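*Asks:* sequence and predicted structure are below.
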Amino acid sequence: MLLRQLLEIYDLIDKPQANGEEVAELLRSRGATDVTVETVGSEAGSTDCIKILIPGSNGKSQGGDAPTLGVIGRLGGLGARPELIGAVSDGDGALAALTCALKLVEMHAAGDVLPGDVIVATHVCPDAPTLPHEPVPFMDSPIDMATMNRMEVDPRMEAIVSIDTTKGNRIINVNGIAISPTTKDGYILPVANDLMDVMTRVTGKMPQVFALSQQDITPYGNDLYHLNSILQPTTATSAPVVGVAIATEQMVAGCATGATHANDVEEAARFAVEVAKLFGAGSCKFYDEGEWAHLVELYGTMERYQTMGGAN
């Protein structure tokens, strides 16, 4: 259970003065030894990009060979001030990722050290702009998607769990969390059985899987409709990426306040922690490597979908 960790993080980020360094100090006070914060900005404002590495007993950071999991909290902003007061629904991805980080840091300090490294990345922005979108408005971000990917998608990540609020759509109609099929190098692959097993254990329900279109795994800025930014990390890495959507039965705008459901966010964070335990131990596969090799042998590469495109 991660409710205490979630409430501690929420208290830090639900205010106009929220910043990455204050979150970093909390994590360091609980035992984190590798936390970086970098402020990145544009004409639209600035945000604090935060990255936490929790070393594994056999992790690459310690000279070992256990695989490294990435956990990315996707969002435009934690708040839409001054237009709206309070934490917005869009910030739940960062809340879940930072909750996961705090739990893993405390586990490590207590002696529950995972086999592999885990890298958690997100950003802290209490005053992001909004953006028109159908069927409900999006939260925008003070930094563009290419910059966000550069700051959050670490080349050391060998698989990525991307957590994002995904409520402003007609695709996912459940209260709780849902996962995507695995995406890799421009392909949408089968849903990972190991991840469905983890989801069943964490939620106590049948696994919920949400649909993707090919354009959902293309970069923002190409004038194609995207469900949201949950799979944007897959445009910036060769590692397999799975989206973890924090969802609702009814459409809720990303800029809506009072729309954070603690149990759903906690489930997303707990799912990431459980995947981290298994992935570093080699017990959780995001895709079938043999079938992947055969797929590429038969049909070639699809990396062009990770670019801005061009018929020629």
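*Replies:* That came through, no problem.

*Asks:* avg pLDDT for stretch 296-312?
*Replies:* Mean pLDDT, stretch 296-312: 90.

*Asks:* for that stretch, give me every contacting residue.
*Replies:* If you take C-beta atoms under 8 Å, 6 or more residues apart in numbering as the criterion, stretch 296-312 is touched by D185, G186, Y187, Q214, I217, T218, P219, G221, N222, T234, T235, A236. Glycine gets a C-beta too; all of them are placed from N, C-alpha and C.

*Asks:* how about a cut-off of 7 Å?
*Replies:* With C-beta atoms under 7 Å, 6 or more residues apart in numbering as the test, stretch 296-312 has contacts from D185, G186, Y187, Q214, I217, T218, P219, G221, N222, T235.

*Asks:* show me where the stretch 151-300 of the chain has helices.
*Replies:* Secondary structure of the stretch 151-300 of the chain (DSSP state H, counting those that start in this stretch): helices at 193-203, 262-280, 289-299.

*Asks:* okay, those helices, which one's buried deepest?
*Replies:* Highest mean neighbour count of the helices of the stretch 151-300 of the chain: helix 262-280, a mean of 24 (counted as mean count of other C-beta atoms under 10 Å).

*Asks:* quick one: neighbours of E83, just the number.
*Replies:* 12 (other C-beta atoms under 10 Å).

*Asks:* what's the pLDDT at the residue nearest to it when sequence neighbours are not counted?
*Replies:* Once flanking residues are discounted, E83 sits nearest to T130: 6.7 Å by C-beta to C-beta, 6 or more residues apart in numbering. Here, the pLDDT recorded for T130 equals 80.

*Asks:* could you give the bridge partners of T130?
*Replies:* M139 (DSSP bridges).

*Asks:* which residues does it contact?
*Replies:* Counted by C-beta under 7 Å, 6+ apart, T130 has contacts A80, E83, P137, F138, M139, D140, C255.

*Asks:* if we can go back for a sec, which one of the helices of the stretch 151-300 of the chain lies closest to M157?
*Replies:* Among the helices of the stretch 151-300 of the chain, helix 262-280 comes nearest to M157, with 10.6 Å by C-beta to C-beta.

*Asks:* on that earlier part again, make a markdown table from the helices of the stretch 151-300 of the chain and add distance to G76 to it.
*Replies:* Listed next are the helices of the stretch 151-300 of the chain as a markdown table, based on distance: least, C-beta to C-beta, whole Å:
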| stretch | distance to G76 |
| --- | --- |
| helix 193-203 | 26 |
| helix 262-280 | 17 |
| helix 289-299 | 32 |
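
*Asks:* out of the ones you listed, nearest to I119?
*Replies:* Of all those, helix 262-280 sits nearest to I119, with 10.1 Å by C-beta to C-beta.

*Asks:* now the closest one: average pLDDT?
*Replies:* 98.

*Asks:* what about L7, which SS state?
*Replies:* helix (DSSP: H, G, I helix; E, B strand; the rest coil).

*Asks:* buried stuff in stretch 44-57?
*Replies:* Using 16 or more other C-beta atoms under 10 Å as the test for burial, stretch 44-57 gives G45, T47, D48, C49, I50, K51, I52, L53, I54, P55, G56.

*Asks:* how about stretch 222-230?
*Replies:* By neighbour count with 16+ other C-beta under 10 Å, stretch 222-230 contains the buried residues H226, L227, N228, S229, I230.

*Asks:* so the last one sits against G243, correct?
*Replies:* Yes: contact criterion C-beta atoms under 7 Å: I230 and G243 qualify, at 4.0 Å.

*Asks:* list the residues that contact the nearest residue to L69 once chain neighbours are set aside.
*Replies:* In this structure, L69 finds its nearest non-sequential neighbour in F279, 4.6 Å apart by C-beta to C-beta, 6+ apart. Counting by C-beta under 7 Å, 6+ apart, F279 touches P67, L69, G116, A159.

*Asks:* how far away is the spatially closest residue to A178 that is not a sequence neighbour from R170?
*Replies:* Distance criterion C-beta to C-beta, 6+ apart; nearest residue to A178, sequence neighbours excluded, is Q208 at 3.9 Å. As for Q208, its distance to R170 is 15 Å (criterion: C-beta to C-beta, to the nearest Å).

*Asks:* with neighbour numbers in mind, choose between those two.
*Replies:* Each of Q208 and R170 has its neighbours counted (other C-beta under 10 Å); Q208 has more, 17 against 7.

*Asks:* pLDDT value on the more buried one, please?
*Replies:* Looking at Q208, its pLDDT stands at 97.
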